[in-house]
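Q: using only what follows, build the 3D model:
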Amino acid sequence: MCLQPRHFVLLDVLRTCRVVVTILVLGSTVWPVSGWGQKSTTAFWLDIEGVIGPATSDYVRRGLSKAQAQGAQIVIIRVDTPGGLDTAMREIIKDIIASPVPVVTYVAPSGARAASAGAYIVLASHVAAMAPATNIGAATPVQIAGFPSGEPPAKKEDKKPDAPEDAMKQKIVNDAVAYIRGLAQMRGRNADWAEQAVRAAASLSAEDALQQHVIDIVAANQDELFQQIDGRRVNVLGQEQTLRGEYLTVQRLEPDWRSELLAIITDPNVAYILMLVGIYGLIYEFANPGMILPGVAGTICLLLALFAFQVLPINYAGLALMLLGVAFMVGEVFVPSFGALGIGGVAAFVIGSIILLDTDIPGYGISIPLIGFFSLLSAGLFMFVIGMAIKARRRPVVSGVEEMIGSVGVALEDFEQTGSVRVHSEIWTAQSKTPVRRGDRVRVYAVDGLRLYIEPHQGAAQEK
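A: All right, here's what the predicted structure looks like:
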């Protein structure tokens, strides 16, 4: 059978269509796979600056959660801190370890530091980086179970090896050493130096930290940081991941209103003021039932203060002394103790305020001038109240039955023994031993129920 030219043209068209369909089918099967294999190029940027506290841990936790929800490739935490609360630090480290998104800590800019709690956080991160002219270390606990770190060392002859104070200090130090060594070993870093950072408060510059394998990268800026993390392999929740530092889009997460509010409330000075405003507001409400506003404001302030004290390392003995001092000062108003309760209350209030925060961490103490101001204010307030009460006791009676004795009135009718008189614009039934004429001025010398006993007012002219 002989094919016509038009048959060859038709065969060519069919072959071309088959090739096109094959390409489309293969493309449709390969394209989704390649699309699924692509990862986000977003890098979340968080900032830890200043003393680490409850607001910081909340900010980092929500930042890591948001990065996971949006599929970020990495999270970068810029660190510049002198340290902070142990509880907040451990919360941050737990969140970093549990994060499915690799975390890079970057001590920056030049002149910044990752001291105390900051050193723990850097060692716990997947990648540790520092800018030139920064330092890391000094991770010794600055407050150990109520014993100030600035305490002068005991003499050898006076020091007892089994003293409870030494045992408690050693217990806390050993716990911190085990914790920081575990973090360093988990990330393959220098665990021996990490131990010295706790026991001897050792500290390193960025270059020395890199040389001693305490950190992974020294980068002068963000671009250099991204270049050095590109291609680096890290272990995230037991799985190896390769970081990509090219073409990253940085999304900075600033603290929102919640973090700002939490930072304000958990400031020790603010929490101290809130507690006092709450206590005085409730006292005023109980003394004047029905005012409502002092009670509402006082309750809100007191609840906010209790929330702050829940997350702050407070000394409950100090809190009890403060409450006892306020109770004594209030009792001075109602109990005639000649100042004993008031003076004792002020003393207890001041001592309790000073020892209220059980920490020596900079930024987490109550200002001494603030304590002095509220102590003088409280003492002045209660002294003013006591003074007003004493003056009131010395004043003559101006109401009640006792006030009627000695009052002068006018007879409204003629009577021999019993009749009506007007005293203080009120009409009373009066009894007299002598006859009284209408308009005579009379004086009250006794009261029996609603009956007045009167006598002529000597030396007064009669009212006509």
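
Q: tell me which residue is most central in the protein.
A: The chain has Thr266 as the residue nearest its centroid, 1.0 Å off, counting by C-alpha atoms, centre = their mean.

Q: pLDDT wise, what is it at?
A: Looking at Thr266, its pLDDT stands at 83.

Q: for it, which residues are in contact?
A: Shown in contact with Thr266 (C-beta atoms under 8 Å, 6 or more residues apart in numbering): Gly53, Pro54, Ala55, Ala308, Val311, Leu312. Any C-beta I mention is one placed from the backbone N, CA and C, and that applies to glycine too.

Q: again, only using 6 Å
A: Applying C-beta atoms under 6 Å, 6 or more residues apart in numbering, one finds that Thr266 lies in contact with Gly53, Pro54, Ala55, Ala308.

Q: element containing the last one, please.
A: Under the criterion DSSP states H and E, the helix or strand holding Ala308 is helix 293-311.

Q: quick one: distance of that helix to the chain centre.
A: Averaging C-alpha positions (C-alpha atoms, centre = their mean, to the nearest Å) puts helix 293-311 12 Å from its chain's average.

Q: can you check stretch 238-258 too?
A: Relative to its chain's centre, stretch 238-258 lies at 28 Å (C-alpha atoms, centre = their mean).

Q: run through who's touching it.
A: 41-46, 59, 63, 226-227, 229-230, 232-234.

Q: narrow the residues you listed to those in helices?
A: Counting by DSSP state H, those place Tyr59, Gly63, Phe226, Gln227, Ile229 in helices.

Q: among those residues, who's most crowded?
A: When neighbours are taken as other C-beta atoms under 10 Å, the top entry among those is Ile229 (25 neighbours).

Q: neighbours around Arg113, how many?
A: By other C-beta under 10 Å, neighbour count at Arg113 equals 20.

Q: do His213 as well
A: When neighbours are defined as other C-beta under 10 Å, His213 has 13 of them.

Q: please apply the same query to the one 10 residues further on.
A: The criterion is other C-beta under 10 Å. On that basis, Asp223 has 11 neighbouring residues.

Q: would you mind measuring from it to Ala114?
A: Remark: distance between Asp223 and Ala114 (C-beta to C-beta, to the nearest Å) = 21 Å.

Q: may I see the buried residues of the helix holding Ala308?
A: For helix 293-311, burial by neighbour count (16 or more other C-beta atoms under 10 Å) applies to Pro294, Gly295, Ala297, Gly298, Cys301, Leu302, Leu304, Ala305, Phe307, Ala308, Phe309, Val311.

Q: what residues does that helix touch?
A: With C-beta under 6 Å, 6+ apart as the test, helix 293-311 has contacts from Pro54, Ile265, Thr266, Ala271, Leu274, Met275, Val277, Gly278, Gly281, Leu282, Tyr284, Glu285.

Q: in this structure Gly84 contacts Ser116, no?
A: No: Gly84 lies out of contact with Ser116 (C-beta atoms under 6 Å); the separation is 7.2 Å.

Q: please, where are all the helices along the protein?
A: Assigned by DSSP H, the chain shows helices spanning 5-37, 54-69, 86-98, 117-124, 164-186, 191-199, 206-211, 222-229, 257-265, 268-287, 293-311, 316-334, 340-354, 368-394.
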